[in-house]
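Asker: below is the sequence, then the predicted model.
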Amino acid sequence: MKRTAVNPWNWSLRLGYNQAEIVEGGTRQLICAGQTSVDETGTPQHAGDMRAQISLALDNLEAVLSDAGMDLSNVTRLGVYATDVDEVLKNFDLMGMRFGPHHVAPPMTLLGVTRLAVPGLLFEIEATAMS
């Protein structure tokens with residue numbers, strides 16, 4: 001799979017994502033549901049702790065990718081939903097710590113929402129991946 005970044009401006013690179021990417025040569029596509037801070041039974045974890053919730057949601061995303069034979073290097077698009085955008089941005093270094101070693105900066109949308117599906121959850125991340 002070949003990825004070519006498209007960035008008519010470079011401001012998004014400081015936040016860790018490309019404006020767009022051309023993806024060529026992929027043969028399988030994985031559409032991931034939103035991953036949140038829940039354990040293996042679906043029970044919410046880390047009430048009130050945005051950083052811990054982001055970390056566990058990323059762990060859960062990596063678990064889904066792994067079950068499909070992929071990892072974060074395969075992610076071609078992210079959607080992020082948060083009940084407090086400012087708090088997410090304070091903790092966005094977690095995204096860089098996870099995606100940086102894979103040398104990818106998938107296009108991303110970050111949306112502030114009034115709440116997520118399960119009370120107490122603060123952060124949700126969905127992904128599209130390709131191999």
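Answerer: Cool, got the structure.
Asker: contacts for stretch 46-61, please.
Answerer: 32, 35-38, 45, 72, 82, 84, 87-88, 90-91, 94-95, 98, 120-125, 127 (Cβ atoms under 8 Å, 6 or more residues apart in numbering). All C-beta spots, glycine's among them, are computed from the backbone N, C-alpha and C.
Asker: now do that stretch: distance to the chain's middle.
Answerer: 11 Å (Cα atoms, centre = their mean, to the nearest Å).
Asker: what residues sit buried inside that stretch?
Answerer: By neighbour count with 16 or more other Cβ atoms under 10 Å, stretch 46-61 contains the buried residues 46, 50-58, 60-61.
Asker: from the contacts of stretch 46-61, list just the buried residues.
Answerer: 32, 35-38, 72, 82, 88, 91, 94-95, 98, 120-125, 127.
Asker: out of the residues you listed, list just those in strands.
Answerer: 32, 35, 82, 123-125, 127 (DSSP state E).
Asker: in CSV, list these along with pLDDT and distance to T4.
Answerer: As requested, these are exported to CSV (pLDDT from 0 to 100; distance: Cβ to Cβ, whole Å):
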residue, pLDDT, distance to T4
C32, 96, 23
Q35, 98, 27
A82, 98, 29
F123, 98, 30
E124, 98, 29
I125, 98, 24
A127, 97, 19
